[in-house]
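**Student:** coords below, sequence missing:
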């Protein structure tokens, strides 16, 4: 494995910016890194972009979770409840990659993202939606919700090389009533084991390129420490709308990939 300076420098500095926005919004950064790797010509296929991206996503989760842990912003109870189904989703995603045309899955996921994107762009909160599960996070509806969302997020992690934040954050906001900072913190915490397992399976499947992942990881670790510190100074409504913009970007990107 060798890393050329001409490859290392642009990926490293791009990753600092990605880590900043990813940690600020509860994303792993895959929605930025996969297009970067593909459009920049660093890899030639989506599975290789996703496999390389997820290695860096892992370090986004670790680095940003440390920052949120210091601020005591992580609800570990909710995070641990999501982990089993999210991990199962990674293995389901691996099976789907080998069995189904990923183009249709990409298209469907892009369409799915449009609803939470619209909600957040409007600046709406949990009080504005009738789908909220209620203040008491218990009962069969709650655990069914946890299992379903965790499975979807874990599957998306493996399929698209993302951290699952595009699924977790809107769900935690609209259905569990967490504030934006709490939702972001939980999303990043759950991201750690799912991204780790996804990265290992990508390495086994030979779709993870370490020479590309290393500059991404280094830059993301730096950027991910900046995001949480800045996030507390931004009005929550504006942060929610900023996340909506990111969701629109992710949705359009996935829809275009699906129809090409």
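**Tutor:** Sure, I can see it. In this text, all values refer to a predicted model and were calculated from it rather than measured experimentally. Numbering: from 1, shown residues only.

**Student:** Please name the residues that touch residue 7.
**Tutor:** Contacts for residue 7 (Cβ atoms under 8 Å, 6 or more residues apart in numbering) come out as 42, 211, 212, 215. (Each C-beta comes from the backbone N, C-alpha and C, glycine too.)

**Student:** pretty sure the first one is in contact with residue 10, am I right?
**Tutor:** It stands for residue 42. No - contact criterion Cβ atoms under 8 Å: residue 42 and residue 10 do not qualify, at 9.2 Å.

**Student:** Neighbour count: the two, which is higher?
**Tutor:** Counting neighbours by other Cβ atoms under 10 Å for residue 42 and for residue 10 shows that residue 42 has the greater number, 19 against 14.

**Student:** Just give the closest residue to that one, not the sequence neighbours.
**Tutor:** Nearest residue to residue 42, sequence neighbours excluded (Cβ to Cβ, 6 or more residues apart in numbering): residue 212, at 5.5 Å.

**Student:** Report how many residues lie close to that neighbour.
**Tutor:** Close neighbours of residue 212, defined as other Cβ under 10 Å, add up to 26.

**Student:** Need the pLDDT of it.
**Tutor:** Residue 212 carries a pLDDT value of 94.

**Student:** Now for it, which secondary structure element holds it?
**Tutor:** Assigning secondary structure by DSSP states H and E places residue 212 in helix 210-231.

**Student:** Please list all residues in contact with residue 196.
**Tutor:** residue 58.

**Student:** got the angle for the helix or strand it falls within vs helix 210-231?
**Tutor:** Residue 196 is located in helix 180-204, with elements delineated by DSSP H and E. With axes from the mean of the first three to the mean of the last three Cα atoms, to 10 degrees as the basis, helix 180-204 and helix 210-231 are set at 180 degrees to each other.

**Student:** buried ones in helix 180-204?
**Tutor:** 180-199, 201-203 (16 or more other Cβ atoms under 10 Å).

**Student:** hmm, back to that, which SSE is immediately downstream of the helix holding residue 212?
**Tutor:** With DSSP H and E, the next secondary element past helix 210-231 is helix 236-259.

**Student:** chain center to the lowest-mean-pLDDT helix or strand in the chain, what's the gap?
**Tutor:** Lowest by mean pLDDT, DSSP states H and E among the helices and strands of the chain is helix 102-121, with a mean of 74. Computed by Cα atoms, centre = their mean, to the nearest Å, the separation of helix 102-121 from the middle of its chain amounts to 14 Å.

**Student:** tilt between it and helix 180-204?
**Tutor:** Going by the same axes, to 10 degrees, helix 102-121 makes 170 degrees with helix 180-204.

**Student:** re the thing from before, enumerate the positions of the helix holding residue 212 that are buried.
**Tutor:** 212-221, 223-228, 231.

**Student:** still on that earlier bit, now for the residue nearest to residue 42: which residues touch it?
**Tutor:** Residue 212 neighbours (Cβ under 8 Å, 6+ apart): 7, 11, 37, 42, 43, 52.

**Student:** I'd like to know how far it sits from residue 35.
**Tutor:** 14 Å (Cβ to Cβ, to the nearest Å).

**Student:** Please apply the same query to residue 254.
**Tutor:** For residue 254, the distance to residue 35 - Cβ to Cβ - is 10 Å.

**Student:** So if I had to pick from the two, which one is more boxed in?
**Tutor:** Using other Cβ under 10 Å, the more surrounded residue of residue 254 and residue 35 is residue 254, with 25 against 17.

**Student:** for the more buried one, what are its contacts?
**Tutor:** Under the contact definition (Cβ under 8 Å, 6+ apart), the residues listed for residue 254 are 106, 107, 109, 110, 113, 160.

**Student:** let's go with 10 Å and repeat that
**Tutor:** The contact partners of residue 254, by Cβ atoms under 10 Å, 6 or more residues apart in numbering, come to 31, 34, 105-113, 156, 160, 162, 166.

**Student:** got it, and residue 89?
**Tutor:** For residue 89, the contact set (Cβ under 10 Å, 6+ apart) comprises 96, 147-159, 164, 167, 194, 197-198.

**Student:** Just want the angle from the least confident helix or strand of the chain to helix 236-259.
**Tutor:** Using the same axes, to 10 degrees: helix 102-121 against helix 236-259 is 160 degrees.
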